[in-house]
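Visitor: model this:
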Amino acid sequence: MKSKFSNNLTVETARVIIAAVTKADLVKIFNQPELKQLSDSTVFLSIANADDQSVAGWIALDETDDNILIKYVWIQESFRGSRVFRETGFALLNFCLNVLKMQKVYALIPVENERAKAAFLKIAFIPASVRTQQPVTRDVEEFSLQKQEWPLRGVQFFSDLL
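Guide: Okay, the predicted model is just below:
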């Protein structure tokens, strides 16, 4: 399947710039084991601070015909709590649901990761279900946002960005 994300994709808000990058580019910047475990078919996006272009983090996504799975999000410690994730979430949701016309954006979060679950709740995601993820057996909770939920939740959670 051809990716709906172009290689020269850039999505901007007043605070963040999200851009398509290759796995190899991210590995050069961040030598993290999580990156090396992800498939080359995964879509990788960098997150930069719009003020000074400094790299704030990265996102790994998988796409199907109608859905986007957020596989991994990493924000540098110096940017945590700075609302970078909130603006990144807004930009990503708006782009995926309104521009790409995807039906759902979701994340599978380990049930014990309270910090990640709280972060996704703050950007309008709704807890959907708990399941056991394979091949590594662990319980994960799905947080998702459906296309039809976005107009109301977008206004509720991001009125200052609309």
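Visitor: which residues does Phe85 contact?
Guide: Gly57, Val73, Ile75, Ala119, Lys122, Ile123 (CB atoms under 8 Å, 6 or more residues apart in numbering). Backbone N, C-alpha and C define where each C-beta goes, glycine included.
Visitor: among the residues you listed, which ones are buried?
Guide: Gly57, Val73, Ile75, Ala119, Ile123 (16 or more other CB atoms under 10 Å).
Visitor: and Glu142, which of the three is it?
Guide: Following DSSP: H, G, I helix; E, B strand; the rest coil, Glu142 is assigned to strand.
Visitor: ok so, going back, of all the contacts of Phe85, which two lie farthest apart?
Guide: The two members of the contacts of Phe85 with the most space between them (CB to CB) are Gly57 and Lys122, at 15.7 Å.
Visitor: for this protein, which helix is longest?
Guide: helix 84-94 (DSSP state H).
Visitor: pLDDT value on Gln119, please?
Guide: Quick fix: residue 119 is Ala, not Gln. According to the prediction, Ala119 has pLDDT 95.
Visitor: pop out the phi and psi values for it.
Guide: According to degrees, to the nearest 10, the main-chain angles of Ala119 amount to phi -60, psi -40.
Visitor: if we ignore the residues flanking it in sequence, what's nearest it?
Guide: The spatially closest residue to Ala119, leaving aside those adjacent along the chain, is Phe85, at 5.8 Å (CB to CB, 6 or more residues apart in numbering).
Visitor: can you give the distance from stretch 47-56 to the centre of its chain?
Guide: Relative to the chain's own centre, stretch 47-56 is displaced by 16 Å; criterion: CA atoms, centre = their mean, to the nearest Å.
Visitor: all strands of this protein, in order?
Guide: Assignment of strands within the chain using DSSP state E yields the ranges 10-12, 16-21, 43-49, 55-63, 67-75, 104-110, 126-133, 138-146.
Visitor: of those, which is nearest Lys2?
Guide: Closest of the strands of the chain to Lys2 is strand 55-63, at 9.9 Å (criterion: CB to CB).
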